[in-house]
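> The following comprises the amino acid sequence and a computationally predicted model.
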Amino acid sequence: MKKHKRVITPEQKVKILRKLLENSKSISQLAEQYEISPNLIYRWKKQLFEEAVEIFKHISKTFETKKDRVIKELK
């Protein structure tokens, strides 16, 4: 019989990573608790940090755009 692949929502991934990053649980503890592979958690953590740079770049660009608008309005 074929085993169905369990879908883990983005919200669940964030919850798991938050527990890891706030040092309340180890990767092995979380993997056991949620019955997932530790490699999955390592992959999500890597993805989180890789994509965080893009998020902060976007925030920085948005701030610069607002700042430029205010300067133009003041002129």
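Alright, I've got the coordinates. Numbering: from 1, shown residues only.
> which stretches of this protein form helices?
Ranges of helices in the chain, per DSSP state H, are 10-21, 27-34, 38-74.
> can you tell me which of those the model trusts least?
Of all the helices of the chain, mean pLDDT reaches its minimum on helix 38-74 (a mean of 79).
> Not counting residues beside it along the chain, what's closest to Tyr34?
Spatial nearest neighbour of Tyr34, excluding adjacent residues (C-beta to C-beta, 6 or more residues apart in numbering): Ile16 at 6.2 Å. Every C-beta, even on glycine, is put in place using the N, C-alpha and C of the backbone.
> Format the helices of the chain as JSON lines; extra columns: distance to His4.
Formatted as JSON lines, those follow (distance: least, C-beta to C-beta, whole Å):
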{"stretch": "helix 10-21", "distance to His4": "17"}
{"stretch": "helix 27-34", "distance to His4": "16"}
{"stretch": "helix 38-74", "distance to His4": "16"}
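> Same list (those) but as JSON lines, adding mean neighbour count.
Converted to JSON lines, the helices of the chain look like this (neighbours: other C-beta atoms under 10 Å):
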{"stretch": "helix 10-21", "mean neighbour count": "14"}
{"stretch": "helix 27-34", "mean neighbour count": "14"}
{"stretch": "helix 38-74", "mean neighbour count": "11"}
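> For the residue nearest in space to the middle of the chain, list the residues it contacts.
Residue closest to the mean C-alpha point of the chain, counted by C-alpha atoms, centre = their mean, is Leu48 at 3.8 Å. By C-beta atoms under 8 Å, 6 or more residues apart in numbering, the residues touching Leu48 are Leu17.
> again, only this time at 10 Å
Contacts for Leu48 (C-beta atoms under 10 Å, 6 or more residues apart in numbering) come out as Lys13, Val14, Leu17, Leu20, Leu21, Ile55.
> Same question for Asn23.
Applying C-beta under 10 Å, 6+ apart to Asn23 gives no contacts.
> any idea how far Arg6 is from it?
26 Å (C-beta to C-beta, to the nearest Å).
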